[in-house]
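> below are the sequence and a predicted model for it; my questions follow.
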Amino acid sequence: MEAAAPHNPAEPAANSVELTVTSPEQMRELGRRLAKLVRAGDLVLLSGELGAGKTTLTRGLGEGLGVRGAVTSPTFVIARVHPSLGDGPPLVHVDAYRLAGGLDEMEDLDLDVSLPESVIVVEWGEGKVEELTDDRLRIVIHRAVGDTTDEVRQVTVTGLGERWAGAGLTVLSA
């Protein structure tokens, strides 16, 4: 993985980093590195085209956190909880793709109750769960679309709120 300049100059460089990922294994490794930064109470929003690597990144995050169970796409069950096998936080993995509404539609998931003791990752969560907390990590994965086998992804990781102000996101590019 190689770091590049921040994608959006309107976002503060101190809490934003752009990475180039060239394979699914590198995406998983990015998730494992991310596990070293997150802690209980963190909300991570993932966005990107279908097949961009959101679940692959989350799989690596689960490996890094040492959680139980295979991390797979929760598209049809909406959310999966992966308890920690050690003393770390559980991982709550949500796929909001089929949910049209905002936080009101997701109330039954009790994300607000789970947030303080868990790391919550929401795929397709933009515009749906931001009300949970001002402090969140936004990860946008860009890939070539159309008839392509190109594995290259541009990943922009942006920390929002006080929690991420000095989090040192550049360690993700190591």
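Now that the structure is in, tell me what you want to look at. Remember, predicted model here, so these are calculated numbers, not experimental data.
> pLDDT weak spots in the protein?
Residue ranges of the chain with pLDDT under 70: 1-14, 75-77, 98-115, 146-148, 174.
> please repeat the previous calculation with a cut-off of 80.
Applying pLDDT under 80 to the chain picks out residues 1-14, 74-79, 97-115, 127-128, 131, 144-150, 174.
> and the strands in it, which stretches?
Assigned by DSSP state E, the chain shows strands spanning 2-4, 16-21, 43-48, 79-82, 91-95, 119-123, 136-143, 153-160.
> which of those sits most buried?
For these, the largest average neighbour count (mean count of other C-beta atoms under 10 Å) is found in strand 119-123, namely a mean of 28. Where you see a C-beta, it was placed from the backbone N, CA and C, and this is true even at glycine.
> and that one, how far from the chain's centre?
Relative to its chain's centre, strand 119-123 lies at 6 Å (C-alpha atoms, centre = their mean, to the nearest Å).
> which stretch among the strands of the chain comes nearest L169?
strand 16-21 (4.5 Å; C-beta to C-beta).
> what pairs with the closest one, parallel or antiparallel?
Here strand 16-21 is paired, per DSSP bridges, with strand 2-4 (antiparallel), strand 153-160 (antiparallel).
> mind putting these into JSON lines with distance to E49?
Output for the strands paired with strand 16-21, formatted as JSON lines (distance: least, C-beta to C-beta, whole Å):
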{"stretch": "strand 2-4", "distance to E49": "19"}
{"stretch": "strand 153-160", "distance to E49": "10"}
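> L65 is nearest to which of those strands?
With C-beta to C-beta as the yardstick, what comes closest out of the strands paired with strand 16-21 is strand 153-160 (16.9 Å).
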